[in-house]
Each structure stands twice: as structure tokens, then as C-alpha cells.
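Q: Give me coordinates for this.
(2 chains)
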Amino acid sequence: MAPYDKGANSRADRSDRARHPNGTPAARSAKHRGFRAPEPTAPRQKQRWDAEERRARPSSGERPNWEPRDSRGSRPAWEPRGAGRPARGDDRAPRSFDRNDRSPRRDDDRAPRRDSGDRAPRSFDRNDRAPRRDDDDRPRRFDRDDRAPRSFDRNDRNDRAPRRDNDAPRSFNRDDRAPRSFDRNDRAPRRDNDAPRSFDRNDRAPRRDNDDRPRRFDRDERAPRSFDRNDRAPRRDNDAPRSFNRDDRAPRRDNDDRPRRFDRDDRAPRSFDRTDRPTERTPFVPADDVKLEKLQAEATIAADVDGVTFGDLGIGGNISRALAELGAASPFPIQAATIPDVLAGKDVLGRGRTGSGKTIAFGAPLVEKLMEHGGGTKRKMGRAPRALILAPTRELALQIDRTVQPIARSVGLFTTQIYGGVPYGRQEGALERGVDIIVGTPGRVQDLLNKGKLDLSEVVISVLDEADHMCDLGFLEPVQEILRATAEVTPQGNRAQKLLFSATLDTQVAALVEQFLHEPSVHEVAGEDQASSTIDHRVLVVEQRDKDRVLEELVAGEGKTIVFARTRAYAERLAEQFEDAGIRATSLHGDLNQSRRTRNLSLLTSGRVNVLVATDVAARGIHVDDISLVVQADAPDDYKAYMHRSGRTGRAGKEGTVVTIVPRSRRRKIEGILEHAEIEADLVESGPGDRILAELAAR
DNA sequence: AAAAAAG
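A: Residues are numbered from 1 along each chain as shown, chains lettered A, B, ... in the order given. Here you go, the predicted model:
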């Protein structure tokens, strides 16, 4: 579709549906995007500002579409903006499409993040960068934050009893590990840095407690690991194997905590699993009896990375500076854990929730690696790409490119997005001109591959984000075909690399691992579980006939809310119902054309609407700052879905609430999911008008 | 069973 261009968009949009009544103007106006800079300081004000601006402006471009969705929509004032996009800043949006999409991105979001300060700077850059997409960058920062929280608590956990967990896949228990931190210091030598390391990390995030929770039980168990650790002093683990015995984890939580700490150090020792890592590296053992779920992995504790710099990990100066601009001044645990192995040419499995720095964990070393072996072909017209990054949704692919592109550009490499729903022209043109890194979704990549427009024979590094999801029916075959089309060895004769990342990486990836990976190292970050977090989980048992009214009361609050529905039709219906009720809401699902999807997501990130009703297309990886409430209008299919959906809130150590609505008949199912996810939540019967609804909505 | 991913 024409959608691309802005102008086009507008037209397209209308056609799409007029659904959105909001009337919104699209004007995200520059401000948002452009603005990012300000963020730190006073984000909110800006938003308001935006709103005003929007109203003021006529919309030129974008928004036109919106128009009032149907009649009904008389949109509240807010929407009226219709602003168009003016040039500049926001404008970015206009730019390309893709970009645009991105637009939504972040800026806004990020802003909040931590250091604002830092970011600020970037902002400017952005402009310059223009070319690139820049935006992306920023986002990262945030991520960082999120993670942070973890830390300390850990110890506490010990007490907790051993959870069971195991079962569950959760495997990761990250949390548990939490403890780590501090210890680290003790450890002394640790990497060089150690000294330095300090806790900064901590700062980041205080990690949250979360950890704790989950961890609870297990922790203890894990303890064992520890031992070894000590020995290791030097850590860095890399070598050492971060230890992880994920398996151990099983118990997950608990253990972690405590142990972790030690472990870290020890880890090395630990060995069992990983231990060797390098050497031994246990072959990823999938399954076996235990479900793979728990892949064993070496765990990295936040403390371990204190004081470590990207340079220490082997990342060059240009890339390190690009990362700093993105807000990643120093590596997060998952990055410190995987970067060395990726640079060493190994296949890597990384478990880390999005926003925990996963994108940089594979993006930075990928670019560094390309520089190494790539050399000469750089910038040659028509050169074939040498790296490929696949994601399950277009929005996630765009988000990843926003981060990877600036990193690549810092060393003269180019990325291009290859995803569906948009015209082929731009993508084919980029391929003809020659690019170094492809970031996209399976469908379009496979399409261009079969059309002979995309040559993957020189791809020596392939990344699968949300890898477990990429192994689902429907995704697996295209992914296998794509990976088969990539190179087996590098020009230097080394094995081409495959990197698999996901917050819920489990044995589901066994098929791909066995077919395409060679002795992969497995990494995870202790105490980083999704479960762990500052998220308050609630389950409301509601009569089917009262469901819609209950939902309306829940989303009536001021905070940003994402409502997950099982089907596209229900998501659309709820969005319309909310709008009719005077609530600024929009939707995101596969029935919308890409320009609309991009726009609607940006409406939420920019604050033009505070309720987004989506299908699971928005469950994984999407970063939107400050989501205070996640409502599951329909219970998730499994614990993974629960973890990914709930992970949209509680980021950066902020408070977050997840409310799941279930009919009485689904009580058992949701209880099973919560247990599997190692999340504790009380089930409460509720109905329209209950005070609890207003209380949850007010957060 | 649904959703996502090519059109």
C-alpha cells in the first residue's frame, strides 16, 4: 500500500478503516519524537503541549485518516488535533515509512528512562543522523533501567521456600540470582573493572524486588552453585561459565538468589553445566526428561558487570560511543554475558527479557564481528548482506532496527528492514544498493529470498529474537528455510554463527538448535525474571455478561493501559466500545494495515491515547514507556504468553499492575498458568461497580 | 482455536 508516504498514509488510512474515531490527529507532532530530548525533565508537560499543538495544527498529513471513526466516535477533544505533520521532528515519521513506524517508537518512551541526561544529547544527534533511523537508539536506554531493579533483594529470598518451579519452564529464574550483586564486589578480582564495578548497576535498577518474589523458593537450592564460584575469582566470566545451571534453577527462584551471588564467581566452577564453557560447553541439551524448558545456562549476576565497559568486552570505540548515545553507557548483565561469546565466534542462546538489553547483547557484537571479517566488501554496491536478524512481528523488527542501525552506522555499515505489509520497492532498492545487515520478519524475507531478490549466502551471523516463538507452527518452516539459505562458513573458514534470544527461551528451540547450532553457550541473567518485578498481579473472576463493563471501568484510569484480547475482532470491538465511552483508545492487531498499526502504536507511545487494545501481536518485545496497567480481557494461552504480556508494564523498576479477567470456568486454567509462571496472585470475584476496579484503574 | 507472518 501506498501508505508509506505520509501523504499516502493519509489516504490509506482512511481507507483502512475509519475506525479510529478518535479523530485523532495524528500529529504526533514533532514534538514527540523530536522532543525526546526534553523527556527527562518534563515528559508530561510535553505531552500536553503536544495536544495543544495538535489542536492548533491542521493536520496535514497523517492523521487525516482518522476521522471519526464512525459516527459514534465523537472523539473527545483530545483527538481533534488533526494535526498534520509538519515537518520536522515528528516528522520523522513521515519519512519513510518504516521509519515512521518507528517513530512511534520511542522517543517518547524512552524519554523517561533513566538517565535522561544522557539521552538528551542524543536527541540532537538524531537529527543529524537523520539518515538513520536514529530513533531507535534511544530506546535502549530504558531497557537498562528495567533491569536494574533486581538486585539486592535477593538475599531475602532465601527464606522462601523452594518453589517448585521447576516445572515450569521458567527456568530462568533470573531473579533468584538476584543476590548477586553485592557479592560481587567481594569477589574481588573480578574483572578488571571490578573495582569500579561497583554497583552502579544497582542503580539502574534496583531491580526490583521482583526477583524476590519469584525466586522465592528455589533460591536456596541453588545455593550450591556457589561454591565453585569463589574460586574463580577472575571471573569474567566468560570464561567461566556463568554458571548456570539453570537447571538448577528449576527451583528457580530461590536458589538463585542466594547462590547467585556466589555463583557468579564461582560460576565458573560450577560447571556442571556450563562450566567449561568454552571448552566444554555443554552441548545444549535439550530436552531430556525435563522439558527443555530449563535449558541450562550460565547465569550472570548484575554485580558481575559492575565497572565493566563495552570496551572490556571487546567492543570497539566507535560502537561503544554509539551505544553510549543510545543510552547504554555500560553493559547490562545479559550483554556482558553474551558479547564475549559472540565475539569469540560461538553460537549463543540468551535468555533475557526484552528491554533488558537483549537487542544490544546481540546487536553490538554482531556489528563488531562484521567489521572483523567483513572488511573489504564494505559499502560495495550490491553487496550481499552478512548478518540477518529475524523477529516475529513487524513492530518488533522495526524496534530492533532502531537500535541496531545506529550501531551499524557508527562503523559505516548499513541495515535495512525487510518485513511485510509495505511495498517492495524500497526494500528491493535497498538490497540492490547493498546492505550489510537485514532486520525483518520471516514472511517477507522468505518471499524476497524465493524471488531471488535477497541473497543470504553470505550471511555469517543470524539472530532469532523471541526464538522460542519463532519455533511455533507457522514460523518454524520459513525460519528453517531462511537459515538454510545462509552461509555455513565464513570466508575465513569458521562456522557461521547463530544467536537465539528470548525472555522465555526453552527447549522449544531444540529443533533449531540441533539443526543449525554448534555447541552453543547458554546465558541468562540471574534475577531477571519477568515474574520478578514490581508488578502486582490480580485475577478477577467475572461473569461473562459483566466482562465488558468491568473492562471499561478498568481502563478508565489516567495511566497508559494495554488490554490483551484473544482475537482481532474482540480487540477491535473493545477499542470501539472504549472510545464510545469517551476513553481515548485504539487497537493493534493483524487486521489493520501496516500504516495503521504503526500509527496506532505511536498513539499510545506518544500519549495521544492511553488505552491500546491488542492481540498478542503486542505481547512480545514492544517497548512503550510507562505502561501502568496491563489488562488481559481473555486469559493467556500459556504461561509464556502471560509473562510476555505482563512484561509490557513494570519496566524500569516502575510499578505496574496486571489484571486478568477470567470467567469462573477458567479459574483452574489461570491458576495453572500462574503457578507455571511462578507468579502469585489472588483470585477475586468481581463485577461492575466494584470498588476494586476503580482502585486498580486509578493506579 | 487464534495469532503472527507474504500478498
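
Q: Quick one: classify the residue in the stretch 501-650 of chain A that DNA strand B sits nearest to as helix, strand or coil.
A: Taking CB to the nearest atom of the strand, DNA strand B has its nearest neighbour within the stretch 501-650 of chain A at residue A:590, 2.4 Å off. Heads up, the C-betas are built off the backbone N, CA and C, glycines and all. With DSSP: H, G, I helix; E, B strand; the rest coil as the basis, residue A:590 sits in coil.

Q: you'd agree it is up against residue A:567?
A: No: contact criterion CB atoms under 8 Å: residue A:590 and residue A:567 do not qualify, at 10.1 Å.

Q: which residues do those two both contact?
A: residue A:615 (CB atoms under 8 Å, 6 or more residues apart in numbering).

Q: Surely residue A:512 is in contact with residue A:469?
A: No: checked against CB under 8 Å, the pair residue A:512 and residue A:469 is beyond contact range at 11.7 Å.

Q: who's more crowded, these two?
A: residue A:469 (24 against 21; other CB atoms under 10 Å).

Q: Chain neighbours aside, what residue packs nearest to the residue in chain A that DNA strand B sits nearest to?
A: For chain A and DNA strand B, the shortest gap (CB to the nearest atom of the strand) falls at residue A:443, measuring 1.8 Å. Nearest residue to residue A:443, sequence neighbours excluded (CB to CB, 6 or more residues apart in numbering): residue A:420, at 5.0 Å.

Q: so what's that neighbour up against?
A: With CB under 8 Å, 6+ apart, residue A:420 has these contacts: A:394, A:441, A:443-444, A:447, A:594.

Q: the strands in the stretch 251-400 of chain A, which residues?
A: A:298-300, A:348-351, A:387-390 (DSSP state E, counting those that start in this stretch).

Q: The ones you listed: which one's closest to residue A:325?
A: Closest approach to residue A:325 among the strands of the stretch 251-400 of chain A is made by strand A:387-390 (20.0 Å; CB to CB).

Q: where does the stretch 551-699 of chain A have low pLDDT?
A: A:652 (pLDDT under 70).

Q: quick one: secondary structure of residue A:504?
A: Criterion first, three-state DSSP; result for residue A:504: coil.

Q: Now do the phi/psi pair for it.
A: phi -120, psi 50 (degrees, to the nearest 10).

Q: My guess is it contacts residue A:642. True?
A: No: between residue A:504 and residue A:642 there is no contact under CB under 8 Å: 9.9 Å.

Q: Make CSV out of the strands of the stretch 251-400 of chain A and add mean neighbour count.
A: As requested, these are exported to CSV (neighbours: other CB atoms under 10 Å):
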stretch, mean neighbour count
strand A:298-300, 38
strand A:348-351, 29
strand A:387-390, 27
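
Q: which one of those strands has the lowest average pLDDT?
A: Lowest mean pLDDT of the strands of the stretch 251-400 of chain A: strand A:298-300, a mean of 73.

Q: so what strands line up beside it?
A: strand A:521-525 (parallel) (DSSP bridges).

Q: Check the average confidence over the partner strand, would you?
A: For strand A:521-525, the per-residue pLDDT averages 90.

Q: circling back to that earlier point, I'd like to know which of the contacts of residue A:420 are part of helices.
A: Judged by DSSP state H, the subset of the contacts of residue A:420 located in helices is A:394, A:443-444, A:447, A:594.

Q: Need the nearest residue in space to residue A:689, chain neighbours excluded.
A: Using CB to CB, 6+ apart, the closest residue to residue A:689 is residue A:553 (7.6 Å).
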